[in-house]
Each structure stands twice: as structure tokens, then as C-alpha cells.
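Participant: sharing a model that was predicted from the sequence below.
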Amino acid sequence: MKLSKCIEPLMDYTLSGDGDPDITHLEIDSRKVQPGALFFCISGTQLDGHQFAEGAEKLGARAIVAEKPIQVKVPVIYVSDTRRALAVISDYFYGQPSRKLHMIGVTGTNGKTTVTHLIKAIQDHAGLSTGLIGTMGIKYNGKEVPVANTTPESSLLQKEFRTMLDNGVESAVMEVSSHALHQGRVRGIDYDIAVFTNLTQDHLDYHETMKDYLYAKSLLFSQLGNTYDTDRLKAAVLNEDDAATETLKHMTAAHVLTYGIDHQADLKAENIRITSTGTAFDLVIKNKRWPVHMKLIGKFNIYNVLAALSAGYLKGLSVETMIEAVEKVEGVAGRFEAVRGGQDFTVIVDYSHTADSLENALQTIKEFAQGRIITIAGCGGDRDRTKRPAMAKTAVKYSDLAIFTSDNPRTEDPEQILSDMEEGVKGEAYKKIVDRKEAIYYAVRQARVHDIILIAGKGHETYQIIGTDKIDFDDRKVALEAIKERYEA
Ligand SMILES: CC(=O)N[C@H]1[C@@H](OP(=O)(O)OP(=O)(O)OC[C@H]2O[C@@H](n3ccc(=O)[nH]c3=O)[C@H](O)[C@@H]2O)O[C@H](CO)[C@@H](O)[C@@H]1O[C@H](C)C(=O)N[C@@H](C)C(=O)N[C@H](CCC(=O)O)C(=O)O
Ligand SMILES: Nc1ncnc2c1ncn2[C@@H]1O[C@H](COP(=O)(O)OP(=O)(O)OP(=O)(O)O)[C@@H](O)[C@H]1O
Ligand SMILES: N[C@H](CCC[C@H](N)C(=O)O)C(=O)O
Ligand SMILES: [Mg+2]
């Protein structure tokens with residue numbers, strides 16, 4: 001596409017330099033520039049992309065979008081916000097694919113990955129070919145592409161939507177993180193349905209207050225209903241049991257459908273029964289009742305299922321077909337995933353990395369625990385420090401033995417992260433083992449018949465980030481090795 005065409009959707013810019021080169025791709029990382037790129041200089045949280053403009057030019061960038069003066073020979077498009085320009089140009093460059101897909105965005109502190117997987121399972125089962133984007137990567141038509149971010153940058157998002165469309169995908173469901181909303185990675189995406197799971201404390205390193213965090217989340221709902229096609233229903237799916245829903249109702253011009261357990265809602269779960277192997281409940285919609293028996297465990301997963309069913313309901317899918325799909329779902333990798341090594345105690349790997357999700361996981365375990373509860377928990381480095389004492393407190397509150405260990409320390413001192421956790425449990429009993437592998441082995445050696453070990457925080461992750469190194473580490477594999485060692489000993 002000619003540069004002049006690429007920048008057609010920009011409202012306000014200044015062009016410097018001559019020529020109208022052909023642009024073959026859009027790029028924000030100078031290290032990935034190939035000849036033909038339009039390079040965007042992003043003022044980031046760590047680095048300033050403007051310093052890489054010359055490098056990008058050397059590698060073949062044919063034009064550059066910048067916010068402040070740069071010295072290059074290729075044409076420069078000056079804008080006030082390069083991330084905004086990136087979103088607007090990406091949408092246009094790839095032919096506005098989100099307008100042709102049935103688009104669902106899921107936001108909230110916890111449950112996004114689970115809800116998006118459930119929506120994909122439901123829609124695929126109902127014959128609606130669905131693409132998925134989120135923490136576990138990009139998936140459609142049996143193809144999987146790994147991603148670095150839960151919600152990728154706008155250029156990658158739009159490119160993937162285009163590929164999905166070209167490959168017969170009809171609907172795309174994606175996790176929308178608060179970082180992405182704040183940075184405008186999803187600007188220009190024409191969502192049909194926006195789903196809210198819940199709001200509890202996380203990411204206060206990035207968003208300064210809970211109010212700012214909620215504001216970022218609310219952008220998904222306020223941008224919904226800026227409708228391009230008036231024939232398409234635009235709807236917000238909101239959790240009636242979460243306090244933030246009241247605000248979100250005010251933020252959206254779209255139709256609202258609610259789900260809940262404790263409050264009256266459009267889709268409601270009643271008569272709940274939770275066991276260690278599954279969850280049963282009645283789904284109630286407009287006084288009609290359907291029994292649901294699913295393999296997913298826990299009250300929090302009922303919320304996730306209700307959210308997913310709500311999205312399908314708005315699409316007009318049959319409730320019976322949706323329930324069939326939900327009942328088949330085995331679970332999402334690393335979310336309440338049982339590790340089975342033939343041991344006479346239970347080991348569960350879970351991705352709870354906030355105080356609220358840890359509380360939910362542990363409350364669920366409490367409901368069916370026959371033995372002691374042993375919890376292994378840690379907190380990620382270079383992330384919200386204020387959640388650390390709260391997570392430690394939750395671990396100790398529900399456990400007979402709480403073991404604090406390292407999650408992904410990243411560039412922080414692992415000992416310091418543990419000290420931050422300890423602030424929340426002064427005078428309480430717990431054990432501290434910095435090395436995660438050692439902590440898992442210790443827990444497995446301590447377990448008695450019927451005990452339950454919860455290994456929280458890293459779920460599906462197959463790595464541990466220590467400093468800037470990413471080493472192989474999979475809680476599930478390490479637990480299996482520890483179980484093997486114990487039985488061989
Ligand atoms: C804090 C944060 O949101 N960081 C994201 C952000 O990076 P940034 O703005 O800080 O970028 P930077 O490192 O300062 O670099 C500035 C610019 O220089 C460019 N650069 C840099 C080096 C170079 O040699 N050449 C070059 O061109 C970079 O590509 C970038 O465009 O924009 C990047 C591009 O989109 C993201 O990959 C990056 O995610 C990092 C990896 C990250 O850890 N993000 C986390 C906090 C995050 O966003 N998480 C949420 C999920 C949270 C949840 O699940 O609730 C997510 O959506 O993933
Ligand atoms: N609806 C929910 N409410 C509270 N906790 C939940 C809910 N759903 C899942 N969890 C807990 O949160 C953990 C993470 O779930 P999931 O991966 O679905 O969330 P997420 O929002 O995608 O997380 P991330 O922000 O890391 O992408 C699970 O392992 C579980 O312990
Ligand atoms: N999306 C979350 C994932 C946290 C996972 C946890 N294992 C950690 O590293 O803190 C984040 O980036 O904050
Ligand atoms: Mg996720």
C-alpha cells in the first residue's frame with residue numbers, strides 16, 4: 001500500500017520529506033524491521049522508540065511515524081500520539097477486518113483466559129468458526145501462534161484478524177488487558193460484545209489507583225456502541241455480583257445483559273453443587289431452567305461459564321447446544337489443573353497470581369478438602385508490589401502449611417519479593433523457600449494421604465524469568481518429578 005494511502009485515516013499529521021513509497025508492513029520494533037516497513041517510534045515505559053529511528057531506516061524502513069523530531073532521509077509523518085496512529089493505520093492497512101468479524105472482547109482482573117476459551121468452545125461447537133487471542137496465544141483452525149502479551153499491539157492484532165478472515169474465521173474472541181486499553185492497543189476494533197468478569201486488585205504498579213485501573217477497564221465498554229454498522233447488536237455482558245458493574249453500566253451506550261449468582265440477573269446460576277471432580281448448577285434465564293454438569297471446578301468457574309453463555313446467548317445460539325459444549329470442556333491448561341502421578345494426595349497447579357484469585361482457588365479447595373491444605377505461592381517481580389502482602393495473607397489464611405517461594409522474580413531480588421510478602425503475615429506460621437523447585441519438592445515430601453497441594457501463580461507457564469534469563473520451568477513437570485522421587489525413595 002502506498003504511504004499516502006496508509007495515512008488516509010489520520011486526521012491530524014505533518015508530513016516531512018518527499019516520496020510516496022510502497023509500504024509492505026507496519027513495525028514498532030526496530031529489531032524486526034525489514035525492507036518496506038513503516039516504522040512507528042513509540043515512547044515506551046522503558047525506552048524511547050525515537051532513538052531507534054535511524055536503525056530502522058538502515059534496515060529498510062521506507063517511512064517513519066514519530067511524535068518528536070528525528071533525523072532520517074525517508075519521509076516522516078509527525079503525529080501527537082504514535083500508538084494512536086499505529087492503531088488507526090493498522091485497522092485501515094489490513095482492511096478493517098474487525099468490522100467483518102463477530103468481535104468479542106473480554107476484560108476483568110481474573111477469568112479472561114477461561115472465559116475466552118469457553119466462548120471459543122461454545123461457538124465452535126455451534127458451528128461458528130472462532131479465533132482466539134489471549135495469554136495462551138492465538139488459536140484458530142487448529143493453528144497456534146505464541147504471543148508475548150495477553151493483548152498484543154494493534155498492528156499484530158489487526159494483522160491476525162485479517163489472516164483469520166482470509167481463512168474463514170467468522171468470530172474472534174480476545175482477552176483485553178487493562179494495559180492494552182490504556183495504551184490504545186485495541187483502539188479501532190469494532191467490538192460487538194464486551195464482557196466483564198470482575199475487578200479486584202492487580203497491576204497497581206502500572207495503574208496508580210484502583211480508580212485508574214477501573215477507568216482503563218471501562219474503556220472497552222465506553223468504546224462499544226460507537227457503531228459502524230447499525231444493524232449489528234452491540235452489547236455489554238456484565239457481572240451483576242461485582243461492584244464495578246454499576247460504573248460500567250453508566251459507561252456504555254450499548255445494550256446490557258447481566259449474569260450472576262448472588263444478585264438477580266438475566267442469566268443466573270442456582271442450586272450450586274461443587275465437588276473435587278466437577279460443578280453442577282441450574283442455569284436460569286427468564287424463569288426457564290437448565291441443569292448443567294461441568295468438569296470445571298469452583299464457584300468462580302460458574303461465573304466464567306455464565307459470562308461465556310451470555311455472549312453466546314446474545315449471538316442467538318441455542319442454550320442446549322451451548323450447555324453441551326460447556327459440559328465437554330475439560331478445563332484450561334494451568335487453571336486448576338490436577339497433576340496425576342499416582343500419588344495418594346492431590347496436587348493442583350493454578351494460575352492464581354492475585355489475592356482474589358488465590359482466595360477463590362483456596363475457597364474452592366476448602367469445599368472438598370478432606371486432608372490438609374498445603375499452598376505454594378509467590379509473586380512476580382517487576383509487577384504490583386502492593387498485592388504481595390495480601391497474597392501471602394490469603395495463602396496463610398486458608399492453608400495448614402503455606403510455603404512462600406519465587407514466581408518470576410524478573411529483575412527484582414527474589415529475597416526482597418519474599419520480604420514484601422512477609423509484611424502481610426507478621427507473627428503467623430509459614431515457610432520460606434526461595435527456590436521454586438525446592439519448594440515444590442518440599443511440599444510433596446510433606447504431603448500425607450488426602451492432603452491437597454496448591455501450586456499457585458504460574459499455571460501453564462513453561463518458564464521462569466530470573467533476571468533477564470528465561471529458564472525452562474513447568475510446575476506440572478516439576479511436581480510430577482517430585483512425586484516420582486518420593487515414591488521411589
Ligand atoms: C509495561 C508495558 O505494557 N509494556 C509493553 C509496552 O512496552 P513499552 O511501551 O514499555 O516499550 P519499551 O520497552 O519502553 O520500548 C519502546 C519502544 O521501543 C521499541 N524498541 C525497543 C528496543 C529496540 O532495540 N528497538 C525498538 O524499536 C519497542 O519495540 C517499543 O516500541 O509495549 C510493548 C509492545 O506492545 C509490550 O510488549 C510491552 O509489554 C511488556 C513485555 C510487558 O511485560 N507487558 C505487561 C505488563 C502487559 O502488558 N501485560 C498485559 C497483561 C496483564 C494481564 O494479563 O492482566 C498484556 O496485555 O500482556
Ligand atoms: N471468575 C473468576 N474470578 C476469580 N478468580 C478467577 C476467576 N476465573 C479464574 N480465576 C482464578 O484466576 C486464575 C487466572 O484465571 P485466568 O487465566 O482465566 O484469568 P486471566 O484474567 O486471563 O488472567 P491474566 O490477567 O493473567 O491474563 C485462575 O487460575 C483461577 O485461580
Ligand atoms: N498477566 C500477568 C501474569 C502474571 C503471572 C505471574 N506468574 C507473574 O509472573 O507475575 C502479568 O503479567 O502481570
Ligand atoms: Mg489471561
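Facilitator: Structure's in. What do you need? Numbers count the residues shown, from 1 in each chain. Ligands and ions are numbered 1, 2, ... in the order given.

Participant: let's see the pLDDT reported for the residue of the stretch 51-200 of the chain found nearest ligand 3.
Facilitator: Proximity of the stretch 51-200 of the chain to ligand 3 (CB to the nearest ligand atom) peaks at T150, 5.6 Å away. (C-beta placed from N, C-alpha, C; glycine too.) As predicted, T150 sits at a pLDDT of 97.

Participant: that one in helix, strand or coil?
Facilitator: Under DSSP: H, G, I helix; E, B strand; the rest coil, the three-state class of T150 is coil.

Participant: from M164, how far out is it?
Facilitator: In this view, T150 and M164 are 18 Å apart by CB to CB, to the nearest Å.

Participant: which of the two has more neighbours?
Facilitator: M164 (26 against 20; other CB atoms under 10 Å).

Participant: quick check, that one in a helix?
Facilitator: Yes. M164: assigned to a helix according to three-state DSSP.

Participant: for it, what are its contacts?
Facilitator: Residues near M164 by CB atoms under 8 Å, 6 or more residues apart in numbering: P97, L101, G131, Y140, A172.

Participant: which one is A307 nearest to, not counting chain neighbours?
Facilitator: Excluding the flanking residues, the one nearest A307 by CB to CB, 6 or more residues apart in numbering is V115, at 4.9 Å.

Participant: which helix or which strand is home to the one you found?
Facilitator: Per DSSP states H and E: V115 is located in helix 112-125.

Participant: next SSE downstream of that helix?
Facilitator: Following helix 112-125 in sequence, per DSSP H and E, is strand 130-134.

Participant: helix 112-125 and that next one, what's the angle between them?
Facilitator: Strand 130-134 and helix 112-125 are oriented at 170 degrees to each other (axes from the mean of the first three to the mean of the last three CA atoms, to 10 degrees).

Participant: so G131 touches K143, yeah?
Facilitator: No. Counting by CB atoms under 8 Å, G131 sits too far from K143 to count as a contact (9.2 Å).

Participant: which secondary structure elements does the helix or strand of the chain with the lowest mean pLDDT contact?
Facilitator: Ranked by mean pLDDT, DSSP states H and E, the weakest helix or strand in the chain is helix 210-222, scoring a mean of 90. Packing partners of helix 210-222 (3 or more CB pairs under 8 Å, 6 or more residues apart in numbering; DSSP states H and E): strand 102-107, helix 178-183, strand 193-196, helix 245-251.

Participant: CA atoms only: put the shortest one into CSV for me.
Facilitator: This means strand 193-196. Taking C-alpha atoms only, strand 193-196 is exported to CSV below (Å, rounded to 0.1, in the frame of the first residue of the first chain):
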residue,chain,number,x,y,z
ILE,A,193,-19.8,-7.8,22.6
ALA,A,194,-17.7,-6.7,25.5
VAL,A,195,-17.6,-9.0,28.5
PHE,A,196,-16.6,-8.0,32.1
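
Participant: which other helices and strands contact it?
Facilitator: strand 102-107, helix 210-222, strand 235-239, helix 299-314.

Participant: now the ones you listed as JSON lines including mean neighbour count and distance to V332?
Facilitator: Below are the helices and strands packed on strand 193-196 laid out as JSON lines (neighbours: other CB atoms under 10 Å; distance: least, CB to CB, whole Å):
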{"stretch": "strand 102-107", "mean neighbour count": "26", "distance to V332": "13"}
{"stretch": "helix 210-222", "mean neighbour count": "20", "distance to V332": "21"}
{"stretch": "strand 235-239", "mean neighbour count": "26", "distance to V332": "19"}
{"stretch": "helix 299-314", "mean neighbour count": "26", "distance to V332": "9"}
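
Participant: nearest to ligand 1, out of those?
Facilitator: In this view, the helices and strands packed on strand 193-196 are compared for proximity to ligand 1 by CB to the nearest ligand atom, and strand 102-107 is the closest at 9.0 Å.

Participant: the closest one - what's its average pLDDT?
Facilitator: In the prediction, strand 102-107 has an average pLDDT of 98.

Participant: again with stretch 414-428
Facilitator: For stretch 414-428, the mean pLDDT works out to 97.

Participant: so which bits of it are buried?
Facilitator: Using 16 or more other CB atoms under 10 Å as the test for burial, stretch 414-428 gives P414, I417, L418, D420, M421, E422, G424, V425.

Participant: near ligand 2, which residues of the stretch 151-300 of the chain show up?
Facilitator: Within the stretch 151-300 of the chain, the residues that sit near ligand 2 (CB under 6 Å from any ligand atom) are E175, T197, N198, F300.

Participant: so what's the residue count around the closest residue to ligand 4 within the stretch 301-450 of the chain?
Facilitator: Proximity of the stretch 301-450 of the chain to ligand 4 (CB to the ion) peaks at Y351, 7.7 Å away. Using other CB under 10 Å, Y351 has 24 other residues around it.

Participant: if we can go back for a sec, dump the helices and strands packed on strand 193-196 to JSON lines, plus distance to ligand 3.
Facilitator: Listed next are the helices and strands packed on strand 193-196 as JSON lines, based on distance: least, CB to the nearest ligand atom, whole Å:
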{"stretch": "strand 102-107", "distance to ligand 3": "13"}
{"stretch": "helix 210-222", "distance to ligand 3": "13"}
{"stretch": "strand 235-239", "distance to ligand 3": "20"}
{"stretch": "helix 299-314", "distance to ligand 3": "17"}
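
Participant: format those as a markdown table; extra columns: distance to D202.
Facilitator: Formatted as a markdown table, the helices and strands packed on strand 193-196 follow (distance: least, CB to CB, whole Å):
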| stretch | distance to D202 |
| --- | --- |
| strand 102-107 | 12 |
| helix 210-222 | 8 |
| strand 235-239 | 16 |
| helix 299-314 | 15 |
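
Participant: so what's the closest residue to E485 other than its chain neighbours scoring on pLDDT?
Facilitator: The shortest distance from E485 to any non-neighbouring residue, by CB to CB, 6+ apart, is to Y441 (7.1 Å). Reported pLDDT at Y441 in the predicted model: 98.

Participant: report the contact partners of Y441.
Facilitator: Neighbour list for Y441: V478, A482, E485 [criterion: CB under 8 Å, 6+ apart].

Participant: which among those residues count as buried?
Facilitator: Buried members of those, counted by 16+ other CB under 10 Å: V478, A482.

Participant: which of the contacts of Y441 lies closest to ligand 3?
Facilitator: For the contacts of Y441, the nearest to ligand 3 is V478 (14.4 Å; CB to the nearest ligand atom).

Participant: what about the closest one, which SS state?
Facilitator: Classification of V478 using three-state DSSP returns helix.

Participant: give me the number of residues near the residue nearest to it when sequence neighbours are not counted?
Facilitator: Distance criterion CB to CB, 6+ apart; nearest residue to V478, sequence neighbours excluded, is I440 at 5.0 Å. The criterion is other CB under 10 Å. On that basis, I440 has 27 neighbouring residues.
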